[in-house]
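Asker: Okay, predicted coordinates and the sequence, questions at the end:
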Amino acid sequence: MKYTIDKQEKYTLVRLHEEKLDSHVAPQLKSEMVTLHAEGVNNIILDLSEVKYTDSSGLSALLVGNRILHEDEGIFVLACLSDHTLKLIKISQLDSVLTILKTVEESIDAVFMHEIEKDMKKD
């Protein structure tokens, strides 16, 4: 699996450099997200701008990322989805479960808003 990781203070940006998010890539993506979470990362933005095709195992990897981060009150944001991937998510009715935004910049804003809301709940 080809990808880059950009760790920031409040979030980690994972850019997937693959055309397909399928059964060849999904297990590695799952394990990478689990590893990042184990290292203390609570907010992940997954940039899928290069992904043109996603299958059910790819969706499964996305759901794993979403679940592990939400368990620790983190946020998992999908950015820059192809029409195909977005359509698959909507057909699967996962658009109400996953956080999907058009750009990485919007995703970064969403992470900061999430952190502010989380801090306000503590007070």
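Answerer: Received the coordinates, thanks.
Asker: What are the buried residues along stretch 59-78?
Answerer: By neighbour count, and taking 16 or more other C-beta atoms under 10 Å as the criterion, the buried residues in stretch 59-78 are 59, 61-66, 68-69, 74-78. Backbone N, C-alpha and C define where each C-beta goes, glycine included.
Asker: Quick check: nearest residue in space to Glu115, chain neighbours excluded?
Answerer: Nearest residue to Glu115 in three dimensions, chain neighbours excluded: Lys10, at 5.7 Å (C-beta to C-beta, 6 or more residues apart in numbering).
Asker: give me phi/psi at the one you found?
Answerer: Dihedral pair for Lys10: phi -100, psi -10, per degrees, to the nearest 10.
Asker: neighbours around it, how many?
Answerer: 12 (other C-beta atoms under 10 Å).
Asker: Against His37, how distant is it?
Answerer: 15 Å (C-beta to C-beta, to the nearest Å).
Asker: cool, and His17?
Answerer: 21 Å.
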